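Peer 1: Sequence plus the predicted model coming up.
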Amino acid sequence: MGGATSRQETISALVASKVVLNRLNYREISCKSIYGCNVFNEDVQKARLPKPVFKALQKTIKLGQPLDPGIADSVAAAMRDWAIEKGATHYCHWFQPMTGATAEKHDSFFGPDGGSGTAAEFSGKELIKGEPDASSFPSGGLRATFEARGYTAWDPTSPAFILEQPNGATLVIPTAFLSWTGEALDKKTPLLRSMEALSTQALRILRLFGNTEATKVFTTVGTEQEYFLIDKHFIALRPDIINCGRTLFGARPPKGQELEDQYFASIPERVVAIMAEVEHECMKLGIPAKTRHNEVAPAQYELAPIFELSNLAVDHQMMTMEILRKTAEKYGMACLLHEKPFAGINGSGKHNNWSMSTDTGENLLNPGDTPHDNAQFLIFCAACIRAVARYGGLLRLSVCGASNDHRLGANEAPPAIMSVFLGSQLTDVVEQIEKGAAKTSKAGGMFETGVSVLPKLPRDAGDRNRTSPFAFTGNKFEFRAVGSSQNPAGANTILNTMVAESLDYMATELEKAIKSGKTLNTAIQDMLPKIIKESKHVIFNGDNYTEEWHKEAEKRGLPNLKNTVDCLPLITEKGTIDLFTKYKVYTKRELESRAVIFAEAYVKTLTIEANTMLMMAKTMILPSAIRYQTELAQAVASGKAAGIESPAYETLKAVVEAIVDCQKKTAALEKACSHHVEGEVYDHAKYARDKVFAAMGELRKTGDKIETMIADDLWPLPTYREMLFLSR
């Protein structure tokens, strides 16, 4: 069966089919009863653990005190019994290696009892430590291939949970992943270290303000997740989506998102069924999914959760992506999490809403009604501005990757230039501070709708800016540059560390001033104008997409790191090493390993894409074009035999030219892929960007042109118009 025939039959079957939807009856299912029902949370711990064990564990979870190894056996026994009651037969240490995904190795609870039966076993030692093979994960040189030992270490601050499967269930234990030499091989360990670093410095500031109640400052995160849902029958006919997660070929459809009628539109029935089941599964795992809606591009959607502690939010985010993928399959769809699965329409991001809160519940980025009078808020806000001004390049580095390069700088994403949006109210306060002292704050007022039956609505004191990469949005900063497929741990690790450095600097300055005899208020008034003056070049409230801003940013000296290869050298610069080693977030060797891992991942991604593209051009696009050429040639020959000039002649000429061009560009890409590059892994990445990626772009142009020329019944690939508008 030919490719074009497969495509036509897929479309016919799709039109004729009706997917059976799993209908959840919330009149019978209580949301309260299922929320967190599969989580070994505080309530379960309190009910099942001896009182001294429970108290000791809570001190570790809530106060960051070292884990008492003596309680491990009691916790493990309670966790085992609870999990078995929930239908679990196995347990796994669940970790986040440098692949960007998650990893797990399942072990059974049950073993021989020494007689003729079996017994359930799970010790404190097995809870605290696992030993997966470390040699088969990216390590950037921290582990050689023959050095296999690595350890997973239980993270008690992220509760264990039950993962339900068609045949049984598994107890999942969130862990860190370390090498035998003690170095981090994962994304969670540096995140936890960065949270500790920020907490230490933030508490210094709070103590200056007389706050002795707070014992911990947590960074909190809410990560909005954008994604596409495409009928899986189409995906089966797209080798590029299967191998690469995105389309390598695809002509622009007659209709895209021009009418802006997709955004917040009515959600298709099959899609809302998927969303509802995703939320149902999230509820059971205590994942606070809050918002769902249609996104801007056709077949694109979004899920947004409520804030949580950073490491818990990251764990939940990684689980949410997995739940989205698995649930979509049940309804005959594929969830695409690539940042740019379709050219010419909006890609997908993961907006990272970030703030700081104390263990007593105080949001440190809440300005209150009069932010000019809120000195504590001004300190923490200024620390964030200073951090972006000093480490904007590292913030851009935190979201680098071959897939996110397609998105950053496009119309739906912030540019690669890192700037801060404050809004009119805070910008006015900051400008007052720079001049000496802030005395007023702009008020929002009320909306006058002009319709008597509508209530008067309070107006926020400042607008939002969807083009800014780092925007203040009321009581948090929204970092919009994180990619939809990325683990947000990397971005939050860097964000936490750079803000910790600013808080450290400011605490030191204030402590010195107070020691010299100044009051806290005077010390703040002396320090803040200087910081604002040094950092204000990063503040921009306008349209980040315009060419004028790019020129202005260059004048201001803001880095414009347009792609991953431009970012990579920052990892091993002295300033980066000094920053992360000072706060013990990364060692020098760990940073060097990340430079290698990121470069290798970039090269491998482009290599897979290029090889897939070559295969598709040679075995699908060119054969289809040649078949059409044959049909046209026969039509021209028939016309000539009949003594008439066939109108197919001009079309034949154009098709032949396109085939020749496609063959040339296929050969050029093949040559680029076969070239052996000398030098280190960074040199390979640079070559992949400059030669391989460039050749891929040229081949795509001619491949997409051929799609628009040949007969529809000969084209083998599901088109954009089909995938985006028939996947309902």
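Peer 2: Structure received.
Peer 1: What about the closest residue to residue 37 other than its chain neighbours, how many residues nearby?
Peer 2: Of all residues not flanking residue 37 in the chain, residue 284 sits nearest, at 5.4 Å (C-beta to C-beta, 6 or more residues apart in numbering). C-betas here are computed from N, CA, C, even on glycine. Burial of residue 284 is recorded as 19 neighbouring residues (other C-beta atoms under 10 Å).
Peer 1: again with residue 12
Peer 2: 10.
Peer 1: which strand in the chain runs the most residues?
Peer 2: strand 169-179 (DSSP state E).
Peer 1: can you pull the contacts of the residue nearest the centre of the chain?
Peer 2: By C-alpha atoms, centre = their mean, the mean C-alpha position of the chain lies nearest to residue 486, the distance being 3.5 Å. By C-beta atoms under 8 Å, 6 or more residues apart in numbering, the contact set of residue 486 is 100, 350, 399, 401, 404.
Peer 1: just to revisit the earlier point, which other helices and strands contact the longest strand of the chain?
Peer 2: helix 72-85, strand 88-95, strand 103-108, strand 150-154, strand 161-164, helix 188-208 (3 or more C-beta pairs under 8 Å, 6 or more residues apart in numbering; DSSP states H and E).
Peer 1: Quick one: those as a markdown table, columns for mean pLDDT and distance to residue 334 too.
Peer 2: Shown next, in a markdown table, are the helices and strands packed on strand 169-179 (pLDDT from 0 to 100; distance: least, C-beta to C-beta, whole Å):
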| stretch | mean pLDDT | distance to residue 334 |
| --- | --- | --- |
| helix 72-85 | 96 | 31 |
| strand 88-95 | 96 | 24 |
| strand 103-108 | 93 | 22 |
| strand 150-154 | 92 | 30 |
| strand 161-164 | 96 | 21 |
| helix 188-208 | 97 | 28 |
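Peer 1: follow-up on the earlier one: and the residue nearest to the centre of the chain, what pLDDT?
Peer 2: As predicted, residue 486 sits at a pLDDT of 97.
Peer 1: try residue 639
Peer 2: On the pLDDT scale, residue 639 gets 89.
Peer 1: Would you mind confirming that it makes contact with residue 632?
Peer 2: No. Residue 639 is not in contact with residue 632 according to C-beta atoms under 8 Å; the separation is 10.7 Å.
Peer 1: Of these two, which one has the most company?
Peer 2: Shown here are residue 639 and residue 632; by other C-beta under 10 Å, residue 632 has more neighbours (22 against 15).
Peer 1: Need the three-state assignment for the more buried one.
Peer 2: The three-state label given to residue 632 by DSSP: H, G, I helix; E, B strand; the rest coil is helix.
Peer 1: Ignoring the adjacent residues along the chain, who's closest to it?
Peer 2: residue 652 (4.1 Å).
Peer 1: can you count the residues close to that neighbour?
Peer 2: There are 19 residues near residue 652, going by other C-beta under 10 Å.
Peer 1: I figured it hits residue 634, correct?
Peer 2: No. With contact defined as C-beta under 8 Å, residue 652 and residue 634 do not form a contacting pair (10.0 Å).
Peer 1: Below-threshold pLDDT in the stretch 351-500 of the chain: ranges please.
Peer 2: Applying pLDDT under 70 to the stretch 351-500 of the chain flags the ranges 409-412, 444-463.
Peer 1: And the helices in it?
Peer 2: 375-397, 402-405, 423-435, 489-515 (DSSP state H, counting those that start in this stretch).
Peer 1: Can you say which of those is nearest to residue 320?
Peer 2: Residue 320 lies closest to helix 489-515 among the helices of the stretch 351-500 of the chain, at 14.0 Å (C-beta to C-beta).
Peer 1: Show me what that closest one is packed up against.
Peer 2: helix 188-208, strand 217-223, helix 310-330, strand 352-358, helix 375-397, helix 520-535, helix 574-582.
Peer 1: Tell me what angle the fourth one forms with helix 375-397.
Peer 2: Using axes from the mean of the first three to the mean of the last three C-alpha atoms, to 10 degrees, the direction of strand 352-358 lies 140 degrees away from that of helix 375-397.
Peer 1: Tell me which other helices or strands strand 352-358 touches.
Peer 2: In terms of contacts (3+ C-beta pairs under 8 Å, 6+ apart), strand 352-358 is packed against helix 188-208, strand 217-223, strand 477-479, helix 489-515.
Peer 1: hey, which helix is longest across this structure?
Peer 2: helix 588-616 (DSSP state H).
Peer 1: Mind listing what's buried along that helix?
Peer 2: With burial defined by 16 or more other C-beta atoms under 10 Å, the residues of helix 588-616 counted as buried are 590-603, 605-606, 609-610, 612-614, 616.
Peer 1: same question, stretch 303-316
Peer 2: 303-305, 307-316.
Peer 1: Flag the shaky bits of this protein, pLDDT-wise.
Peer 2: 1-4, 145-147, 409-412, 444-463.
Peer 1: which residue sits farthest out from the middle of it?
Peer 2: residue 643 (63.8 Å).
Peer 1: looking at this, the residue nearest to residue 632 is in a strand?
Peer 2: No. Residue 652 is assigned helix when assessed by three-state DSSP, not a strand.
Peer 1: Can you name the residues that contact it?
Peer 2: For residue 652, the contact set (C-beta under 8 Å, 6+ apart) comprises 629, 632, 633, 636.
Peer 1: Which two among those residues are spaced furthest apart?
Peer 2: Applying C-beta to C-beta across the contacts of residue 652, the maximum distance is between 629 and 636, 10.4 Å.
Peer 1: Let me have the helices and strands packed on strand 169-179 in JSON lines, adding distance to residue 289 as columns.
Peer 2: Output for the helices and strands packed on strand 169-179, formatted as JSON lines (distance: least, C-beta to C-beta, whole Å):
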{"stretch": "helix 72-85", "distance to residue 289": "24"}
{"stretch": "strand 88-95", "distance to residue 289": "20"}
{"stretch": "strand 103-108", "distance to residue 289": "22"}
{"stretch": "strand 150-154", "distance to residue 289": "26"}
{"stretch": "strand 161-164", "distance to residue 289": "15"}
{"stretch": "helix 188-208", "distance to residue 289": "21"}
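Peer 1: Make a markdown table out of these and add mean neighbour count and distance to residue 16.
Peer 2: Below are the helices and strands packed on strand 169-179 laid out as a markdown table (neighbours: other C-beta atoms under 10 Å; distance: least, C-beta to C-beta, whole Å):
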| stretch | mean neighbour count | distance to residue 16 |
| --- | --- | --- |
| helix 72-85 | 19 | 44 |
| strand 88-95 | 24 | 41 |
| strand 103-108 | 16 | 39 |
| strand 150-154 | 22 | 48 |
| strand 161-164 | 21 | 33 |
| helix 188-208 | 22 | 47 |
